[in-house]
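Novice: Generate coordinates for the sequence data below:
(chains A, B and C)
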Amino acid sequence: MSEYVRNTWYPLTWSRNVGHELARHVVIEEQIVVFRDSGGQVVAMEDACPHRLAPLSIGTLVDDTIECGYHGLRFGCDGRCVHIPGQDRVPDSVRVRAYPVVENMGMVWIWMGDEDKADQSKVFDLPEYHDENYSSFEGDALVLHANYLNLAENLCDPSHVAYVHQSTLSNKQHGDVPVHHERLEDRVVTWRWIIDSPLIPIFEGLKPYQGNVDRWHYYHYYCPSIAIIDFGSAPTGTGAPEGDRSDCIQMFACHFITPVDSRTCIQHWLLVKNMPADEAVDQRLKDGLRIAFNEDKVVLEAIQNNEEKFKDVRPVRLAIDASSMKMRKMVSEMISQER
Amino acid sequence: MSEYVRNTWYPLTWSRNVGHELARHVVIEEQIVVFRDSGGQVVAMEDACPHRLAPLSIGTLVDDTIECGYHGLRFGCDGRCVHIPGQDRVPDSVRVRAYPVVENMGMVWIWMGDEDKADQSKVFDLPEYHDENYSSFEGDALVLHANYLNLAENLCDPSHVAYVHQSTLSNKQHGDVPVHHERLEDRVVTWRWIIDSPLIPIFEGLKPYQGNVDRWHYYHYYCPSIAIIDFGSAPTGTGAPEGDRSDCIQMFACHFITPVDSRTCIQHWLLVKNMPADEAVDQRLKDGLRIAFNEDKVVLEAIQNNEEKFKDVRPVRLAIDASSMKMRKMVSEMISQER
Amino acid sequence: MSEYVRNTWYPLTWSRNVGHELARHVVIEEQIVVFRDSGGQVVAMEDACPHRLAPLSIGTLVDDTIECGYHGLRFGCDGRCVHIPGQDRVPDSVRVRAYPVVENMGMVWIWMGDEDKADQSKVFDLPEYHDENYSSFEGDALVLHANYLNLAENLCDPSHVAYVHQSTLSNKQHGDVPVHHERLEDRVVTWRWIIDSPLIPIFEGLKPYQGNVDRWHYYHYYCPSIAIIDFGSAPTGTGAPEGDRSDCIQMFACHFITPVDSRTCIQHWLLVKNMPADEAVDQRLKDGLRIAFNEDKVVLEAIQNNEEKFKDVRPVRLAIDASSMKMRKMVSEMISQER
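Specialist: Got it, this is the predicted structure:
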């Protein structure tokens, strides 16, 4: 049994996937039945009838209650049992756990900790997602047979880009650009600038830039499982590094990771960019990013496998690990504080 | 390692499946080689040569001995080694366990406990199976990835019928009919009557009944893994509840469950009915029951999976569980007595 | 975790399989990356980058270094890290284990123990392999889901031949020929002669023998995982048992077993014979031996499965086990001495 941060809003699934029908999800090793009620609210409950442990997700929606498919017990959206066949009295103790949920940015978010600490206003938000100068599209819900922290770390790690993503996001000669990092109140930020460099492959043709550009990457890691990569390019000499990004390509790759168990996670990703939606462009970007994230998937699953083979090996620490160590420390501290 | 009742006749396989050839079966986690000898007797032995543990079932039948396929040791039907290549003396200690077996009702039954307690006259029997006014047919040997006691419990549980088998055996409005139960010397009986009700779907057309019927279900659980469901219908007003079943449809669904291990069992079922064999009718009944038992399989396998996920959850007890608690108590007591 | 002899040359893979590209192998539960460098030398290293444990085998060969596919660390053929992106200093501690390797008889051999004990001159050799009066061909690399010692034992065990290989290597009537065995300094030898017997099936047509032959089998077991079977036939009466093999068919079935883990091994086999290479004859022999070794595979995998089911059973010891007990004792002693 792994330990997880509990008092946090975890990404559960795309909002568009949740309808008036029962579905089973797994978050930090807990089995959850999810549906959208007739008022449009998403409901999430423990997916086991307390009577004989039949999954409620194989039961039936009767109005806005779930009727267990085995013996007909019914549960309301708050998890309380409202009907037991064969007896008049419904004991208070017959109930399943209901989880707080909230929707934002096209995702359903679920609170796995103490219910009274669930504050919907604190769910993750990226203001640009709602900005009319930006458009967005959803990528995949990529299942990785890898620990979610290894994925989160990968998504905050500029150092691997030159080696894993040569065909899509980078090229090898920039492996040695200096990287900065800082732990803030609510996150770890890692960033680097590559000055006076050619456009990366997937940016080609998006703007009529002739010469080289200044490229930035800001990796924002929000503990425990959100990574936002703010990356972009502006023509060299127009002052982007000093703060003037009036003419630039800017994208936010948003990664909302669902930890399923210690060796499985789901990487929900979406892209927000300072350009209008355009079917052809968006498809090209999606295809490029899909290749890149699958390149990571191959590496991370191979590492997961090796971690289980080389249990006694303690990885060495390198200069490039500074921000990754900050983020792992942040996770440990959050878990310790919750205990 | 689960605990099982041992001093009992367990159903092994259909008699018709056992010929003069070697086959491997598993009962309560023991591997068993089975064949029918030249005199027609079924033989069952531990399926491992005591020399190097090669399964005897991949050996060869030589007359009525099994010759191990690795080094040629031969074992008689009583499990004693009768020949060892390369040496003249056959030590008494070279033998495999032979299990008592008996055939009845088209099944081979095997005794997993102390050999000197094996009494063939005590093998399960349903007198109607041999009655000329009844006919019978064998259904499936359905493999369930579920604990055998959850299946046995399901087969003694009237309460689930209205929810799991609406299309075949019941309809929802009868979920609340009172259920009775009683522990007898050798079994737990659970029963209920539904008075003045329409015929259930699979009974339609079997008799020229015009109006409503009185329906009964008697569930006989013989510890640890036999369930006989005596169910039938007689026209309302003809006195069936008081004992007059001279004009009725009566069926016995016989379930002979082989516990393979703690999470796998084989449900052998056959139907006995007070009507002559009729190919078309029998096929229709078999199809209907097959649907019903597969409906149970889905639920029971989902429960098995959930039981392994929700290990810390203690199921709540409901009024409808009274007979199920009686049968689980009977099993525990039998296991305790054997220790 | 099983225990293995470590200070020994284990067969790794066929030489012809190793080129200038990265491949992963597993020997005694250790993951190993293997390639042939530009000078033709085979290189073997632990298959995990010490930084984040990414398998080096999914990295890239850059000249004769391996560049990790995740962050670009580079390792030389001796396992030392020679480059770390993002920092100038390469600490001495950043290295992976490099394994001594040597090639002989078409195999790559790897030393799993103390590096300073690795003596290339002690790798296994069969002089006839290099003799111009003999030819050879490679068979399969057969994966067995079985413990390697059970396979090694099988390959030194004349007693099973009459039962497992009736169609290829023997016939039943010779199950009782006496067997001899002797432990020498570096091996256990087991042998038997079958005098005045028909040719075995796979020898038919190889020489124009008219009558019966004297057949020999010498099984040489070199601890822990090499078995050489010297088997042949000479016309009865020409003095073969006394030492005159001037007119004979002689073959060496060489089995080089790679223990992968306690329940998996790879059986590399090749045949050396005192006849020139001949495509049709060699193919026929290969087909026959392939059938025979797959007959063993079936038995050995069934035993492996049974050993895991019958954990409490202690196999009985028979007269035919004398040499097998000698070889198991030899393995235990070697493992003890290494501790």
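Novice: now the strands: where do they sit in the stretch 1-150 of chain A?
Specialist: Using DSSP state E, counting those that start in this stretch, the strands of the stretch 1-150 of chain A run over residues A:9-14, A:23-27, A:30-36, A:42-46, A:60-62, A:65-67, A:74-75, A:81-83, A:98-99, A:101-104, A:107-111, A:135-144.
Novice: export these to JSON lines and tack on mean pLDDT, distance to chain C and mean neighbour count?
Specialist: All C-beta spots, glycine's among them, are computed from the backbone N, C-alpha and C. As requested, those are exported to JSON lines (pLDDT from 0 to 100; distance: least, C-beta to the nearest C-beta, whole Å; neighbours: other C-beta atoms under 10 Å in any protein chain shown):
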{"stretch": "strand A:9-14", "mean pLDDT": "98", "distance to chain C": "24", "mean neighbour count": "24"}
{"stretch": "strand A:23-27", "mean pLDDT": "98", "distance to chain C": "26", "mean neighbour count": "18"}
{"stretch": "strand A:30-36", "mean pLDDT": "98", "distance to chain C": "28", "mean neighbour count": "22"}
{"stretch": "strand A:42-46", "mean pLDDT": "98", "distance to chain C": "34", "mean neighbour count": "22"}
{"stretch": "strand A:60-62", "mean pLDDT": "96", "distance to chain C": "42", "mean neighbour count": "14"}
{"stretch": "strand A:65-67", "mean pLDDT": "98", "distance to chain C": "41", "mean neighbour count": "22"}
{"stretch": "strand A:74-75", "mean pLDDT": "98", "distance to chain C": "42", "mean neighbour count": "22"}
{"stretch": "strand A:81-83", "mean pLDDT": "97", "distance to chain C": "43", "mean neighbour count": "17"}
{"stretch": "strand A:98-99", "mean pLDDT": "98", "distance to chain C": "33", "mean neighbour count": "20"}
{"stretch": "strand A:101-104", "mean pLDDT": "98", "distance to chain C": "32", "mean neighbour count": "19"}
{"stretch": "strand A:107-111", "mean pLDDT": "98", "distance to chain C": "29", "mean neighbour count": "24"}
{"stretch": "strand A:135-144", "mean pLDDT": "97", "distance to chain C": "15", "mean neighbour count": "17"}
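Novice: from the stretch 151-300 of chain A, which residue is nearest to chain B?
Specialist: With C-beta to the nearest C-beta as the measure, residue A:261 is the residue of the stretch 151-300 of chain A nearest to chain B, at 10.4 Å.
Novice: Can you list the strands that whichever strand or helix holds residue A:258 pairs with?
Specialist: Residue A:258 is part of strand A:249-261 when elements are defined by DSSP states H and E. Within its sheet, strand A:249-261 is paired with strand A:226-235 (antiparallel), strand A:264-273 (antiparallel), according to DSSP bridges.
Novice: about what we covered before: what's the burial count for the residue of the stretch 151-300 of chain A closest to chain B?
Specialist: Residue A:261 has 16 neighbours, counted by other C-beta atoms under 10 Å in any protein chain shown.
Novice: Give me the nearest residue to it, chain neighbours excluded.
Specialist: Of all residues beyond its chain neighbours, the one nearest residue A:261 is residue A:29 (4.9 Å), with distances taken as C-beta to C-beta, 6 or more residues apart in numbering or on different chains.
Novice: before we move on, which element is residue A:325 in?
Specialist: helix A:322-338.
Novice: Could you list the buried residues of that helix?
Specialist: A:323-324, A:326-328, A:330-331, A:334-335 (16 or more other C-beta atoms under 10 Å in any protein chain shown).
Novice: Mind picking the one among those residues that's closest to residue B:130?
Specialist: residue A:335 (67.1 Å; C-beta to C-beta).
Novice: I'd like to know how far the closest residue in space to the closest one that isn't next to it in sequence sits from residue C:212.
Specialist: Closest residue to residue A:335 apart from its sequence neighbours, by C-beta to C-beta, 6+ apart: residue A:3 at 5.3 Å. For residue A:3, the distance to residue C:212 (C-beta to C-beta, to the nearest Å) stands at 75 Å.
Novice: In terms of packing, which of those two has more residues around it?
Specialist: Just comparing residue A:3 and residue C:212: by other C-beta under 10 Å the higher neighbour count belongs to residue C:212, 16 against 13.
Novice: Identify the residues contacting that one.
Specialist: Shown in contact with residue C:212 (C-beta atoms under 8 Å, 6 or more residues apart in numbering or on different chains): C:196-198, C:235-236.
Novice: Buried subset of the residues you listed as a ChimeraX selection?
Specialist: Here is the ChimeraX command that selects the buried residues among the contacts of residue C:212 (16+ other C-beta under 10 Å):
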select /C:197,198,235,236
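Novice: The contacts of residue C:212 into JSON lines, with extra columns for secondary structure and pLDDT?
Specialist: Shown next, in JSON lines, are the contacts of residue C:212 (DSSP: H, G, I helix; E, B strand; the rest coil; pLDDT from 0 to 100):
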{"residue": "C:196", "secondary structure": "strand", "pLDDT": "93"}
{"residue": "C:197", "secondary structure": "strand", "pLDDT": "91"}
{"residue": "C:198", "secondary structure": "coil", "pLDDT": "90"}
{"residue": "C:235", "secondary structure": "strand", "pLDDT": "96"}
{"residue": "C:236", "secondary structure": "coil", "pLDDT": "95"}
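Novice: any idea how far residue A:228 is from residue A:128?
Specialist: Distance from residue A:228 to residue A:128, by C-beta to C-beta: 10 Å.
Novice: which of these two has more neighbours?
Specialist: residue A:228 (22 against 18).
Novice: need the contact list for that one.
Specialist: With C-beta under 8 Å, 6+ apart, residue A:228 has these contacts: A:126, A:219-220, A:222, A:252-255.
Novice: Any chance of a PyMOL selection covering the buried ones in these?
Specialist: Here is the PyMOL command that selects the buried residues among those (16+ other C-beta under 10 Å):
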select buried, chain A and resi 126+219+220+222+252+253+254+255
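Novice: gap between residue A:227 and residue A:149?
Specialist: Distance of residue A:227 to residue A:149, computed by C-beta to C-beta: 11 Å.
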